[in-house]
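[1] next come a sequence and a model predicted from it.
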Amino acid sequence: MTLPSAPCRLLISGRLWLLFILTFSSSARATIQYAVFLDHPERHLFHVTMTIPDVTGEVIVQMPAWNALYQIRDFSSHVQQVEASAGSQKAFIEKVDKQTWRIKGTGTIKVSYAAYWDEVGPFASQLNAEHAFINPAMIFMYVPERRGEAVHLQMPEVPADWIAAGAALRFVEYDGSVRVFGGDAPSYDALVDAPIEAGKFEEFQLTGIRPDIWVVVHGDNWRKKQVESDLQRICQYQLKLMGGAPFERYTFILHLGKRASGGGMEHANSTAIGAYSDEYLPSVAAHEFFHLWNVKRIRPASLDPVDYAKEQYTRALWFAEGVTNTYGSYTLVRTGIWSKEQFYADLGDQITELESRPANHWQSAEQSSLDAWLEKYSLYDQPEYSVSYYTKGQVLGDLLDILIRDRTGNAKSLDDVLRLMNTNFAKQGKTYRDSLDVQLTSETIAGGSFEEFFRQYVAGTDAFPYEQILALAGLGLRTVERRKAVLGFAMEHDPNGLFVISTVDSEGPAAPAGLRAGDVIISWNGGEVPRRVERWLQEQRAGDLLKLRVRREGKEISLEFRLGENKETVYEVMEISHAGEKARHIRQGMLRGETSAIPVR
């Protein structure tokens, strides 16, 4: 998006100012116009106006059924008060199905509605007295057959003490009481691929990087120098790895602190990330920034173009997400954010996760990708029913990298596969054929067939030959039996930043003590809930006392119980001290991101 070339500077009210802009610019440029109003943010209602020019007879508008997550979430369920007009006359409008409306009229049609959102990002949208976060696909309708047309966005009534930011959103006007922001996008798809943050936030630019990378932070409990340093190292390394920036300007939107949720969502020229503290940020940021190439530009044909109306199936998420995880971990160790011991520990954790799930024996990486739309069901997420394409794909990425390095004497690597796919597909505006083109590109780089590897381990469910392949990089795998303390319950953040019990294990220690799903934790052993509960658990022993104070149905209740115990088999990756020269060379190449032919002696 770019600013209008000649914004009008009229000191009149925001809504009148907008009507002036819409009236005159729509006739001049005939673009679909959107305006979103943030007045009375405490009501959590985004008021939207969509102006559609050049309508003949009737027009169909729809709300996306999904975006950000591979889940049908029916954003139309958040919509209310849909009205339409043609010129000065009210237009006939009828709802056709759960996400579609038909409007009768000719000329310029204006659609207005409200969308209620108060859910913590980055996979949702939120409007409250503190800030607004917008995933545009969750609040903007579209005309199905006109998605490719240029669109214009205005935010004409941003509170005077707020600012707004997005990948290409720009400040337009301040009339003394409200601020106006706006921008243009070449299509609806581009518009909704650019999230927006508005509120009182801190914004800064990463120094020493071109093109510009900006960081927007809403929240607390974060250290600016640490965040800036981590992001600089991540971005500089990946830009060098992939041969330069595919963007003109990039924006990190960060929600940090107690009220943030976890996770991140990639976008074409930005990312939105939520983290309880900045300790969690590097691993998420390294993953999301690499999506600039893998997913956003190196794109599987099965996901292009986006179908907002229904599920869109792909077998490529093991590569699109899982191998992006591979590069998240590579980035952290190659930049020094992680030590090599942390890298090994992470790889061991991924293998442990895979091997602890019975479904690993029957659900392939491709099937896990295909079944992504089932992830919203709690039963499907159980170990007996599924494995994660993130986890399986990350391990596949590491194993494939080692094999390429071994076959080429460390002259080539998985890095070269990503760069060649960037050249052959992303830069040519082409999509790739799911696993097939990943296999063919790997074969081009390695100079030999990977048909068996992809048939057995990507499309199939053969047991991964960990020891055999890891040994080629001078690495070994061992199993350790461990006893670990367990809570007997799971919890999640609600929109207000509170910890809410989501599930209670009926056979665990918390259930007999009276803990229930829906309880809100007020205190944890007399203090706050630990920032990293898993780390806290590692420091505890089975039988240690946990005292909780919870709120239930308006009443506060004190509960206490002793931590339970689980026995688990843990996989640990370690260096082989007697590894040969070739294997040591490959290992260093992986850790440092280097390739160089091993000299023949």
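    Cool, the structure landed.
[2] any idea how far residue 497 is from residue 261?
    In this structure, residue 497 and residue 261 are 9 Å apart, going by Cβ to Cβ, to the nearest Å. C-betas here are computed from N, CA, C, even on glycine.
[3] mutual contacts of the two, please.
    Counting by Cβ atoms under 8 Å, 6 or more residues apart in numbering, the common neighbours of residue 497 and residue 261 are residue 120.
[4] the two: which has the busier surroundings?
    residue 261 (20 against 14; other Cβ atoms under 10 Å).
[5] now the element after the one helix or strand residue 571 maps to, going C-ward?
    In this assignment (DSSP states H and E), residue 571 forms part of strand 564-575. Going down the chain from strand 564-575, the next helix or strand is helix 581-592, by DSSP H and E.
[6] hmm, residue 219 is touching residue 257, no?
    Yes - look at residue 219 against residue 257 with Cβ atoms under 8 Å: they come within range, at 3.6 Å.
[7] higher neighbour count, those two?
    Using other Cβ under 10 Å, the more surrounded residue of residue 219 and residue 257 is residue 219, with 22 against 18.
[8] got the contact list for the more buried one?
    Residue 219 neighbours (Cβ under 8 Å, 6+ apart): 254, 255, 256, 257, 259, 260.
[9] beta-bridge partners for it, please?
    residue 256 (DSSP bridges).
[10] could you report the distance from it to residue 339?
    Taking Cβ to Cβ, one finds residue 219 at 28 Å from residue 339.
[11] then residue 349?
    15 Å.
[12] which one of the two has more residues nearby?
    residue 349 (15 against 12).
[13] which strands and helices sit next to whichever strand or helix holds the more buried one?
    In the assignment (DSSP H and E), residue 349 maps to helix 340-355. Applying 3 or more Cβ pairs under 8 Å, 6 or more residues apart in numbering; DSSP states H and E, one finds that helix 340-355 makes contact with helix 324-334, helix 389-407, strand 475-486, strand 564-575.
[14] closest to residue 593 out of those?
    Residue 593 lies closest, by Cβ to Cβ, to one member of the helices and strands packed on helix 340-355: helix 324-334, at 4.4 Å.
[15] average model confidence for that closest one?
    For helix 324-334, mean pLDDT rounds to 98.
[16] among the contacts of residue 219, which two are most distant?
    Every pair of those checked by Cβ to Cβ; the farthest is 254 and 259, at 12.7 Å.
[17] in terms of neighbours, single out the busier of those two.
    Between residue 254 and residue 259, counted using other Cβ under 10 Å, the more crowded position is residue 254 (29 against 23).
[18] for stretch 422-432, which residues meet the burial criterion?
    The neighbour-count check on stretch 422-432 (16 or more other Cβ atoms under 10 Å) flags 422, 424, 425, 426, 431, 432 as buried.
[19] poorly predicted segments of the stretch 451-600 of the chain, please.
    For the stretch 451-600 of the chain, residues meeting the criterion pLDDT under 70 lie at 495-496, 599-600.
[20] if you set the cut-off to 90 instead, what comes out?
    Residue ranges of the stretch 451-600 of the chain with pLDDT under 90: 482-484, 491-499, 507, 526-539, 566-568, 596-600.
[21] tell me where it has strands.
    Assigned by DSSP state E, counting those that start in this stretch, the stretch 451-600 of the chain shows strands spanning 475-486, 489-493, 499-504, 520-524, 545-552, 555-562, 564-575.
[22] and if you look at the stretch 1-150 of the chain?
    Counting by DSSP E, counting those that start in this stretch, the strands of the stretch 1-150 of the chain are 32-37, 45-55, 58-62, 79-86, 89-90, 93-97, 100-104, 107-116, 126-127, 131-134.
[23] by how many degrees do the first one and strand 45-55 diverge?
    Direction vectors for strand 32-37 and strand 45-55, defined by axes from the mean of the first three to the mean of the last three Cα atoms, to 10 degrees, enclose an angle of 160 degrees.
[24] just the CA atoms of strand 32-37, as CSV, please.
    Presented in CSV, the C-alpha positions along strand 32-37 are these (Å, rounded to 0.1, in the frame of the first residue of the first chain):
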residue,chain,number,x,y,z
ILE,A,32,-13.2,-0.4,-4.0
GLN,A,33,-12.9,1.7,-0.9
TYR,A,34,-12.8,0.6,2.8
ALA,A,35,-13.1,2.7,5.9
VAL,A,36,-12.9,1.4,9.4
PHE,A,37,-13.9,3.5,12.4
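[25] which residues sit against that strand?
    Contacts of strand 32-37 (Cβ under 8 Å, 6+ apart): 14-15, 18, 22, 25-26, 46-53, 134, 139-140, 143, 146, 149-157, 188, 191.
[26] one more time with 7 Å
    By Cβ atoms under 7 Å, 6 or more residues apart in numbering, the residues outside strand 32-37 that reach it are 18, 22, 26, 46-52, 139-140, 143, 146, 149, 151-157.
[27] likewise stretch 334-346?
    The contact list for stretch 334-346 (Cβ under 7 Å, 6+ apart) reads 230, 233-234, 237, 282, 329, 332-333, 573-574, 591-593.
[28] could you do stretch 89-108 as well?
    26, 51-53, 55-63, 65, 74, 76, 82-87, 109, 111, 309.
[29] list the buried ones in that stretch?
    Buried-residue list, stretch 89-108, by 16+ other Cβ under 10 Å: 91, 93, 99, 100, 101, 103, 105, 108.
[30] middle-most residue in this structure, spatially?
    residue 265 (1.9 Å; Cα atoms, centre = their mean).
[31] OK, contacts around that residue?
    Listed by Cβ under 7 Å, 6+ apart, the contact set of residue 265 reads 68, 122, 123, 271, 272.
[32] residue 318 too?
    Residue 318 neighbours (Cβ under 7 Å, 6+ apart): 365, 366, 368, 369, 389, 392, 393, 396, 458.
[33] by neighbour count, which of these wins?
    Neighbour-wise, the contacts of residue 318 (other Cβ under 10 Å) top out at residue 389, 31 neighbours.
[34] lowest-pLDDT helix or strand in this protein?
    helix 14-29 (a mean of 40; mean pLDDT, DSSP states H and E).
[35] please name the nearest non-neighbouring residue to residue 332.
    Nearest residue to residue 332, sequence neighbours excluded (Cβ to Cβ, 6 or more residues apart in numbering): residue 338, at 4.1 Å.
[36] ignore what I typed, I meant residue 199.
    residue 131 (2.9 Å).
[37] now residue 353
    residue 391 is the one closest to residue 353 (Cβ to Cβ, 6+ apart), at 5.1 Å.
[38] tell me how far that neighbour lies from residue 385.
    Distance from residue 391 to residue 385, by Cβ to Cβ: 15 Å.
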